[in-house]
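**Q** any chance you could fold what I've pasted below:
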Amino acid sequence: MSQATFLNRQALYLRPDPARVIVRPFKPATEPKDFKPTDKTRANHIVDRVLALDDATVASQLADVLENFQGRHRNLLRSFETRAAEMEEALFDHAPFTKLQSQLVGAYFLNEYSFEASALFNPSIVPHPDQTLAPPGGMRFVLSLRAVGEGHVSSLTFRAGTLSKDGAVSIDPTARLAATAKLPDNFDPQVDGPVEVLFDTQDISERVLFPVTAAQSNGIEDARFVLFEDEGERTYYATYTAYDGRGIRSELIETQDFLSFRMTPLKGSAARNKGMALFPRKIDGRYAMIGRQDNENLYLIYSDDLLTWDGGKPILRPQWPWEFVQIGNCGSPIELDEGWLLFTHGVGPVRRYAIGAALLDKADPSKVIARSREPLVHPDPSQREGYVPNVVYTCGAIRHGSRIILPYAVSDTFSNFATIKIEALLGAMNPVS
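**A** A predicted model of the protein is given here:
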């Protein structure tokens with residue numbers, strides 16, 4: 001089986017970089033079995049040791065920490081102070097911290113985390129909110145990527161780039177530093193509701209949307225971003241999978257500027273599975289999603305309030321050998337004159353993932369007009385090895401003039417780009433009677 005002849009791969013690869021790190025809270029190991037509530041914790045012991053140091057030793061130890069780590073993070077001393085303030089609530093029976101003691105204590109309760117050490121994959125792409133630097137006939141874009149580090153914890157990271165008039169893709173240089181978002185005051189990770197976070201970094205590639213709630217604790221996975229338009233208002237939404245190490249659920253990101261983000265759990269029977277993708281506008285006055293509720297088929301689902309998703313109508317089932325195991329969506333549908341273009345993934349023998357496409361009726365997306373008999377993209381023999389071999393996958397493409405720009409991941413490890421002429425793609429799809 002060959003790749004689609006009209007697929008133009010770009011010589012551009014985004015690979016994971018273990019040198020990109022953030023600081024995360026560190027908690028000492030569990031207390032011994034005979035531990036009593038009145039006993040000092042291991043954290044108390046660490047603080048007692050720091051407070052026993054004389055002022056000169058505290059200053060020299062802090063200077064040594066800064067010499068080792070300050071060049072790897074922005075505002076590191078502020079991070080130390082914030083962490084120490086968090087720890088004070090968990091500690092007891094100690095003298096007040098001086099400023100230097102507070103900073104050194106905070107350093108003991110943080111650790112570096114290489115958030116993309118293992119993988120940088122499953123991209124989605126949307127127009128950049130600021131098009132002032134776009135070339136004539138071109139477009140600026142934002143790319144979201146799933147990053148995976150130690151312990152298979154997934155977070156969300158970003159890149160900005162440019163599309164030329166003829167569809168050539170370029171990515172802005174990646175910032176050397178990275179940082180997580182600021183959380184609300186008195187944030188409680190156990191509260192199951194909307195969370196708003198804010199970044200203060202200038203470069204979008206510095207921003208890492210890391211799990212913050214209990215439901216997300218093991219990962220924010222496979223964000224499918226879309227630019228949603230409604231009565232002149234433009235909002236970026238992304239559906240993603242929240243994973244706590246045992247169970248999953250679908251959640252929704254909302255942003256206007258990629259600086260502040262609101263993350264909200266989705267409700268309803270259709271939100272208990274993964275891989276939901278929002279249409280870029282309402283259909284007949286209602287929100288619409290493509291989702292997979294039964295781990296096998298694709299459904300069309302409607303909602304009146306964006307956050308509650310129940311029911312649904314099956315519209316696509318596995319039909320060809322390369323998708324016999326299951327099918328799923330590969331991002332939000334793209335509106336064309338001919339209908340809604342929906343990229344899909346199929347799973348075939350030896351759990352090999354490939355990317356295909358379907359065309360849905362514009363007025364009634366439950367009607368399938370055409371679909372690809374053969375996959376558009378499948379694992380190339382020279383690029384099939386990786387964190388999860390034999391997989392190609394995307395979380396969203398974008399239209400640019402007469403072309404589709406398709407970022408996609410290879411073997412759950414790195415990301416690549418392809419461009420597709422819309423006319424050739426539609427011509428290669430099989431009509432559905």
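**Q** hey, which helix is longest across the chain?
**A** Counting by DSSP state H, the longest helix found in the chain is helix 55-69.
**Q** what packs against that helix?
**A** Here helix 55-69 touches helix 76-88, helix 99-108, going by 3 or more Cβ pairs under 8 Å, 6 or more residues apart in numbering; DSSP states H and E. Any C-beta I mention is one placed from the backbone N, CA and C, and that applies to glycine too.
**Q** chain center to it: distance?
**A** Centroid separation for helix 55-69 versus its chain: 36 Å, with Cα atoms, centre = their mean, to the nearest Å.
**Q** just the mean pLDDT for that helix, thanks.
**A** Here helix 55-69 scores 97 as its mean pLDDT.
**Q** list the contacts of the spatially most central residue of the chain.
**A** Nearest to the mean C-alpha position of the chain, by Cα atoms, centre = their mean, lies L156 at 3.5 Å. Listed by Cβ atoms under 8 Å, 6 or more residues apart in numbering, the contact set of L156 reads 144-147, 208-210, 220, 223, 240.
**Q** what about 10 Å?
**A** 115, 144-147, 207-211, 219-223, 225, 238, 240, 253, 261 (Cβ atoms under 10 Å, 6 or more residues apart in numbering).
**Q** pretty sure it sits in a strand.
**A** Yes: membership of L156 in a strand is supported by DSSP: H, G, I helix; E, B strand; the rest coil.
**Q** how near is the closest residue to it other than its chain neighbours to S144?
**A** Distance criterion Cβ to Cβ, 6 or more residues apart in numbering; nearest residue to L156, sequence neighbours excluded, is L209 at 3.9 Å. Counting by Cβ to Cβ, to the nearest Å, the gap from L209 to S144 is 9 Å.
**Q** overlap in contacts of the two?
**A** 156-158, 223, 238, 240, 253, 258.
**Q** farthest pair in those?
**A** Y240 and F258 (14.8 Å; Cβ to Cβ).
**Q** ok, the two, which is more surrounded?
**A** The residue with more neighbours, out of Y240 and F258, is Y240; 29 against 20, by other Cβ atoms under 10 Å.
**Q** which residues does stretch 60-67 contact?
**A** Residues contacting stretch 60-67 (Cβ under 10 Å, 6+ apart): 50, 53-54, 70, 76-77, 80, 100-101, 103-104, 106-108.
**Q** list just the nearest of those to G245.
**A** Nearest to G245 out of the contacts of stretch 60-67 is Y108 (Cβ to Cβ; 26.1 Å).
**Q** now rank the contacts of stretch 60-67 by neighbours and give me the top one.
**A** G106 (26 neighbours).
**Q** isn't it right up against F97?
**A** Yes: G106 is in contact with F97 according to Cβ atoms under 10 Å; the separation is 9.3 Å.
**Q** between the two, what contacts are shared?
**A** Shared contacts of G106 and F97, counting by Cβ under 10 Å, 6+ apart, come down to 81, 84-85, 87.
**Q** out of these, who has the most neighbours?
**A** Busiest of these [other Cβ under 10 Å] is A84, holding 24 neighbours.
**Q** quick one: that residue from D188, how far?
**A** Relative to D188, and taking Cβ to Cβ, A84 is found at 19 Å.
**Q** do the same with L163
**A** In terms of Cβ to Cβ, L163 sits 42 Å off from D188.
**Q** which residues are in contact with R272?
**A** With the criterion set at Cβ under 10 Å, 6+ apart, R272 makes contact with 247-250, 266, 291, 293, 309.
**Q** hang on, S79 packs against E112?
**A** No: look at S79 against E112 with Cβ under 10 Å: they stay out of range, at 11.1 Å.
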